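> Need a 3D model of the following:
(one chain, ligands or ions: 1)
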Amino acid sequence: MIKVLHLSDIHMGSGFSHGRVNPETGLNTRLEDFIQTLGQCIDRALSEPVDLVLFGGDAFPDATPPPYVHQAFASQFRRLADAAIPTVLLVGNHDQHSQGQGGASLCIYRTLGVPGFVVGDRLETHRIQTRQGWVQVVTLPWLTRSTLLTRPDVEGMSMGDVNQVLSDRLRVALEGEIRQLDETLPTILLAHAMVDTAMFGAERFLAVGKGFTLPMTLLARPCFDYVALGHVHRHQVLCEQPPVVYPGSIERVDFSEEKEDKGYVLVDLQKDDTRFEFCPLPVRPFRTIELDLTQSQDPERKLLAALKPELIEAAVVRLIYYFRAEQLEQIPTIALHEVLALAHTYTIQAELVSEQGRSRLPELDVAHQLDPLEALHCYLANRDDLQELQADILQAAQGLLTQEAVEFLPIAGDDRESPPPVEDKQLKLL
Ligand SMILES: [Mn+2]
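Numbering: from 1, shown residues only. Below is the predicted model:
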């Protein structure tokens, strides 16, 4: 039996807005949280000790983290190298640099030849010797369109078609790897991907529309004794036989992960009899306290009653309350800040509700029509959670609309079937 620790989506260096500067260290407290939590994963790997550590990808928010963040990450993983525990670092979408192959933040571990460390930045099978014998790990990093497709391949294709072509090619490539596997050895597939049966966590917001979805049927194959996944931040088990598991992120990256348990997975790997267990990590709580005060006779009491110390203490708190203009005097602003000082950090979002209702959508009647882009614009203006993606979404929508227009243009030189130009028609009518 081979003991494996599987963790993923560290995202070290993100979420600084939820922390503050620690005056003693000069570091953001959220970075300190992430370092401490990663440290607990490594502690467990060493205390067991496990025979192999698998990291499912997304080490940092991007491929070029500041040196002090990279260093904090490296000093934790170095402990595995010192203990001679083989480790596989898989490249996720946040680790890839647009420079392509060899450009991922994690490739430095291969360049430096860190003993026992393997970097998975391509589809490849690694035979790894552990204290309990040999194991095969097939690495499948985050795939971009350009990994398996060239530009002419996808020209004029919709996202759905590209998805299909990409999974067809991946199926062939993965089949090639599978045929070369040694059937007598325990085998793991380590993949950074959005699997089609996964429930979305924060990744939906982190990487929306930027990649393709992997069909579950491609992964849940009997040749694998364990499928270790990364990318989706919410821990979930997609299949029991063989186990197909997202450990989820180790820390809350943002408020979309408020209600999720965070942790890693311990695996007892054995041919045809693999067991695993999710191990929760004691991470800092995030709390949203949302209150509608508009109908309240005593908004002050209602507000202060909702801010229970046991909810707030040491948590990252977001207080959202809705009030009417005439209630302004009854909002205990100073007392709010005093109570919330118990929190690790907090934000207060006070929403003034006007009598006319809160809709910011324009009037729609016969005289007013919205074109699709305008409609999307209005929709996004009402979705505070999509603010960061607004520009990308609008750009993508614009792309889709122009693409459609291009497809309906008659082919040059073949105008026999096309209707006469609009101007001519109008002239005739006149
Ligand atoms: Mn990812």
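> can you give me the offset of the longest helix seen in the chain from its chain's centre?
In terms of residue count, the longest helix belonging to the chain (DSSP state H) is helix 159-179. Using CA atoms, centre = their mean, to the nearest Å, the distance from the centre of helix 159-179 to the centre of the chain it belongs to is 22 Å.
> Name the surrounding residues that touch it.
Here helix 159-179 makes contact (CB atoms under 8 Å, 6 or more residues apart in numbering) with 123-125, 138, 140, 143, 145, 148-149, 153-154, 157, 209, 212-215, 218, 221, 223. Where you see a C-beta, it was placed from the backbone N, CA and C, and this is true even at glycine.
> That one - what's its average pLDDT?
Averaging pLDDT along helix 159-179 yields 87.
> One more: stretch 379-387?
Mean predicted lDDT for stretch 379-387 stands at 83.
> What residues sit buried inside it?
Within stretch 379-387, the residues that count as buried by 16 or more other CB atoms under 10 Å are L380.
> Now do the end-to-end distance for it.
End-to-end distance of stretch 379-387 (CA to CA, to the nearest Å): 11 Å.
> Next, V253: secondary structure please.
V253 falls in the coil class when you classify it by DSSP: H, G, I helix; E, B strand; the rest coil.
> How about the residues of the stretch 201-350 of the chain by the ion?
With CB under 5 Å from the ion as the criterion, the stretch 201-350 of the chain meets the ion at residues H231.
> isn't F224 right next to L185, touching?
No - between F224 and L185 there is no contact, the gap being 11.6 Å when judged by CB atoms under 8 Å.
> low-scoring pLDDT stretches of the stretch 201-350 of the chain, where are they?
201-211 (pLDDT under 70).
> ok, now how distant is the residue in it positioned nearest to the ion from G15?
Of all residues in the stretch 201-350 of the chain, H231 sits closest to the ion, at 3.9 Å by CB to the ion. The gap separating H231 from G15 is 18 Å, by CB to CB, to the nearest Å.
> and those two? which has more neighbours close in?
Taking other CB atoms under 10 Å, H231 and G15 do not tie; H231 has more neighbours (29 against 22).
> Contacts only, for the nearest residue to that one once chain neighbours are set aside.
Nearest non-adjacent residue to H231, counting by CB to CB, 6 or more residues apart in numbering: H192, 5.1 Å away. The contact partners of H192, by CB under 8 Å, 6+ apart, come to 8, 56-58, 90-93, 140-142, 229-231.
> on that earlier part again, what comes up buried for the longest helix of the chain?
Buried residues in helix 159-179, counted by 16+ other CB under 10 Å: 163, 165-167, 170, 173-174, 177.
> my read is I188 is in a strand, agree?
Yes - assessed with three-state DSSP, I188 lies in a strand.
> what about stretch 308-317, distance to the chain center?
That offset, for stretch 308-317, works out to 26 Å (CA atoms, centre = their mean).
> contacts for it?
18, 252, 284-289, 339-340, 342-347.
> rewinding a little: what is the nearest of the contacts of H192 to C107?
C107 lies nearest to V91 out of the contacts of H192, by CB to CB, at 7.8 Å.
> gap between the two ends of stretch 327-338?
OK, stretch 327-338 end separation, CA to CA: 20 Å.
> Pull out the buried positions in that stretch.
Neighbour-count burial for stretch 327-338 [16+ other CB under 10 Å]: 327, 330-331, 336.
> Export the residues you listed to CSV and append columns for distance to H235 and secondary structure.
Output for the buried residues of stretch 327-338, formatted as CSV (distance: CB to CB, whole Å; DSSP: H, G, I helix; E, B strand; the rest coil):
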residue, distance to H235, secondary structure
Q327, 41, helix
Q330, 42, helix
I331, 39, coil
L336, 34, helix
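> Kindly confirm my reading that S249 is in a strand.
No - assessed by three-state DSSP, S249 does not belong to a strand; its assignment is coil.
> re the thing from before, higher neighbour count, F224 and L185?
Higher neighbour count among F224 and L185: F224, with 22 against 15, using other CB under 10 Å.
> element containing the more buried one?
Using DSSP states H and E, F224 maps to neither a helix nor a strand.
> and it, what does it touch?
138, 187-189, 242.
> Kindly report the same for P372.
397, 401 are the contacts of P372 under CB under 8 Å, 6+ apart.
> what about the nearest residue to E260 once chain neighbours are set aside, neighbour count?
Closest residue to E260 apart from its sequence neighbours, by CB to CB, 6+ apart: R234 at 5.0 Å. Neighbours of R234 under the rule other CB under 10 Å: 21.
> cool, the one 4 residues further on as well?
A count of nearby residues for L238, using other CB under 10 Å, gives 19.
> check contacts around it.
So, once contact is read as CB under 8 Å, 6+ apart, L238 ends up touching 195, 197-198, 216, 220, 229, 244-246.
> 10 Å instead?
195-199, 216, 219-220, 227, 229, 232, 244-246 (CB atoms under 10 Å, 6 or more residues apart in numbering).
> Same check on E251?
Shown in contact with E251 (CB under 10 Å, 6+ apart): 9-12, 14-15, 30, 33-38, 233, 257, 262, 281, 283-284.
> What subset of those residues is buried?
9-12, 14-15, 30, 33-35, 37-38, 233, 257, 262, 281, 283-284.
> From those residues, which land in helices?
Checking the buried ones among the contacts of E251 against DSSP H, those in helices are 30, 33-35, 37-38.
> which one of those residues sits closest to the ion?
F34 (15.7 Å).
> can you tell me how far the closest one sits from Q136?
Counting by CB to CB, the gap from F34 to Q136 is 31 Å.
> where in the stretch 51-200 of the chain is pLDDT low?
Within the stretch 51-200 of the chain, the segments meeting pLDDT under 70 span 98-103, 145-149.
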